[in-house]
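What shape does this take:
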Amino acid sequence: MNKLACTAIALATLSGAAHAQCTINRYGVPDFDQRRSGVPNNGGMYCVPTSFTNIRGYIANNGYGNIMSGPRNWQSQTNYNYVTARINAMGTYMSTSGVNGTKSNNAFNGWNDFIDDWHDDKFTLSSWSGYVPPAWIFLGMIGGMTNICYGYYKPQGGGVYDRDGGHCVTLVGLKGLCSNFSEPTFRIRNPAADDGDLSVQSVFSTEETRTAIQGFNLNGSWVNRHRMVDFGVDSSTRRYLDQLWVVWPQVCLTGKVTFGSDFHIYKPVKVFGLNNENSSSQSPSPGMEILQVALHPMGVEAYALKINPATNQHRLYKQDLATGVWSTVLPSFTAERVNIAVSRFGHLFVHADGSVKKYDLNHGSYPLLAQNTAPGPIVDMEYDDKKDEIVAITTNGRFVRFNNDLTPRANQPLPTGVAILGDGSVFPDPTTPDRWYICSSGSPTMYRVITDSPTVDRIHVDSLITFPAGTEPRSLVMTDSGHLVFSDRGVIADWKFTNFGTHAAWAPDPSSAIAGLPAGRSIEVSRSRNNFVAGVHDQPKWQNDSYQDEGVVPVPDCNPDLNVDGQVDILDFLAFFDSFGQCQLEPGPCGAAGVNADYNTDGLVDILDMLDFVDDFSYGCV
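Here you go, the predicted structure:
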């Protein structure tokens with residue numbers, strides 16, 4: 001039984017937008033035990049791979065079964081050994097240690113390697129360490145599958161605290177959003193909350209804790225965090241939320257397909273219970289055309305740069321991807337040539353004529369952080385996550401790189417033969433550092449360029465990619481697995497380097513979920529991104545490697561309590577039969593208002609689902 005249930009209706013303000021959910025609950029998320037025989041050290045340090053296996057189990061039962069051979073009854077003991085093998089495999093991908101747990105960057109890379117190996121860009125992962133804005137938690141619950149990690153912060157004396165390991169859980173609910181949106185009650189699946197039997201899956205259950213945003217001295221720096229106030233109440237060690245992980249189905253943005261202000265969001269990978277329907281809207285200032293689109297690294301906001309071609313007036317807007325509400329990021333400014341790029345840290349870079357400026361997108365206001373002069377009119381620019389720098393190509397044939405703080409990094413001529421004809425694009429290879437792809441709409445040839453050596457900034461052409469005659473590549477993007485995605489004569493093209501047995505070559509990806517969709521001049525495709533800082537988040541204290549009894553009693557699942565109000569009553573009955581009436585004899589998952597009528601998750605909504613629900617409903621919950 002899988003759902004995203006909104007059990008009350010009121011208004012809560014989020015970034016100027018009205019939201020109507022006071023409580024959010026997602027049913028059907030497994031609660032796998034991390035502690036089990038067959039896992040290194042009996043799984044005592046396996047909270048991270050187990051939490052991600054929870055997410056795989058939910059997705060497998062809700063529209064994308066291939067991710068874990070679903071749908072299945074995950075509570076059933078018949079699936080216990082299968083789940084153990086999946087947790088082990090995820091731990092291998094994440095380089096989890098049976099003694100020292102999981103490092104954040106290993107978890108991030110491990111999940112992405114798993115998706116690249118088996119599911120080819122169908123899902124991306126957004127990860128953030130440090131203070132997590134409440135809006136991101138909410139948006140992650142609405143449109144993605146969310147894990148959170150909390151650190152154990154121990155007093156060091158003099159009012160100073162420091163992190164000493166942590167624990168990761170799956171977030172399955174938020175309560176109290178209308179009374180206090182910023183400090184909701186969390187409902188979690190805790191992989192360490194089991195009955196002690198290492199060979200039997202314990203009954204799925206949830207734990208709850210209220211939260212409070214507190215400021216404190218973290219090893220000499222004043223920071224804010226959500227404190228899990230009901231966890232460890234008898235301990236001097238505080239529990240603070242300090243990591244958010246959101247698995248998103250693939251997202252693609254584009255604008256100006258039919259009209260200049262058209263803004264389209266494609267979400268081709270469908271997972272029941274998530275807000276992942278395609279949408280189209282008219283962006284603000286309908287008299288202006290969308291010039292460029294971008295996406296926040298946490299997947300919570302989309303951006304549209306607009307232009308009035310007659311006056312070169314520009315404006316930058318953002319759309320809250322949970323509500324669809326638009327707001328202004330940068331008011332009207334005039335420039336002949338403008339480009340934008342967004343870093344993995346949530347920083348916006350804007351090139352306008354002769355300058356490049358850096359803004360912070362993360363806190364509701366947009367303070368200017370840095371600026372510098374561009375060495376020439378920029379044709380296109382992108383942020384390189386591997387190098388943490390801006391890379392750009394200019395109209396005067398230069399290849400320019402700025403450090404993250406906009407200090408100059410390199411300024412080299414484009415290699416001989418590389419010409420920008422029409423709309424030019426540059427994109428860093430997400431799989432290999434010091435490698436970039438350059439193309440333009442006036443030529444079917446794409447250039448792969450690399451540095452002469454790791455210590456030399458001069459670049460040369462490493463490879464040519466020749467597309468069919470007439471191809472007009474615009475707005476190049478590369479996916480996590482290295483696909484070349486671009487707008488080509490009004491549709492999205494998705495090319496993959498493919499091994500044909502006798503040879504390997506770039507070719508259209510026949511399994512692409514986005515190829516052939518209508519596209520405007522600019523596109524953006526979601527990528528996995530994080531704000532990991534080497535030397536900080538790779539310290540042992542940032543590993544998620546322990547669990548302490550939090551003193552909270554887990555509440556066993558009650559299947560027929562569809563609205564999670566603690567009672568099995570007429571409201572649950574009506575919710576189920578509303579979904580059943582709309583979905584009878586349809587393949588599951590299927591339902592209304594997030595209630596899955598495929599109650600027994602056998603892939604078909606039929607009389608068996610109704611009988612099973614009525615049977616459970618008649619007994620209620622103990």
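
tell me which residues of stretch 364-376 are tucked away?
For stretch 364-376, burial by neighbour count (16 or more other Cβ atoms under 10 Å) applies to 366, 370, 372, 374-375. From N, CA and C alone the C-beta is placed, and that goes for glycine too.

Return the subset of the residues you listed lying in strands.
In strands, defined here by DSSP state E, the members of the buried residues of stretch 364-376 are 370, 372.

Name the nearest of the buried residues of stretch 364-376 relative to G158.
A370 (34.2 Å; Cβ to Cβ).

Next one: that closest one, what pLDDT does it get?
pLDDT for A370: 98.

distance of it from T407?
8 Å (Cβ to Cβ, to the nearest Å).

Looking at the buried residues of stretch 364-376, which two lie furthest apart in space?
Greatest spatial distance among these (Cβ to Cβ): Y366 and P375, at 25.3 Å.

Please name the residues that touch Q201.
For Q201, the contacting residues are 32-33, 75, 77, 79-80, 83, by Cβ atoms under 8 Å, 6 or more residues apart in numbering.

So which of those residues sit within strands?
Among those, no member lies in strands (by DSSP E).

Narrow the residues you listed to those that are buried.
By 16+ other Cβ under 10 Å, the contacts of Q201 give 32-33, 75, 79-80, 83 as buried.

ok, G144 - contacts?
Neighbouring residues of G144 by Cβ under 8 Å, 6+ apart: 126, 246-249, 274, 299.

Contacts for stretch 384-395, please.
Outside stretch 384-395, the residues that touch it by Cβ under 8 Å, 6+ apart are 339, 341, 343-344, 349, 351, 356, 374-383, 399-404, 406, 409, 414, 420, 424, 426, 428-430, 432-434, 436, 438, 527, 529.

And stretch 464-473, by the same measure?
The contact list for stretch 464-473 (Cβ under 8 Å, 6+ apart) reads 422, 425, 437, 439-442, 444-448, 484, 486-489, 493, 495, 506.

That stretch: end-to-end distance?
14 Å (Cα to Cα, to the nearest Å).

same thing with stretch 380-392?
Chord length of stretch 380-392, first to last residue, is 6 Å (Cα to Cα).

now that stretch: how far from the chain's centre is it?
How far stretch 380-392 lies from its chain's middle: 20 Å, per Cα atoms, centre = their mean, to the nearest Å.

try stretch 307-315
Counting by Cα atoms, centre = their mean, stretch 307-315 comes out at 32 Å from the chain centroid.

How is this structure divided into domains?
3-247+534-557, 568-622 (automatic domain parsing).

contacting residues around the closest residue to D429 other than its chain neighbours?
Leaving aside its sequence neighbours, D429 sits nearest to R435 (Cβ to Cβ, 6 or more residues apart in numbering; 4.1 Å). Contacts for R435 (Cβ under 8 Å, 6+ apart) come out as 428-429, 448-450, 462.

before we move on, what about K358?
347-349, 368-371, 405-406.

which of those sit farthest apart?
Within these, L348 and D405 form the most distant pair, 14.3 Å apart (Cβ to Cβ).
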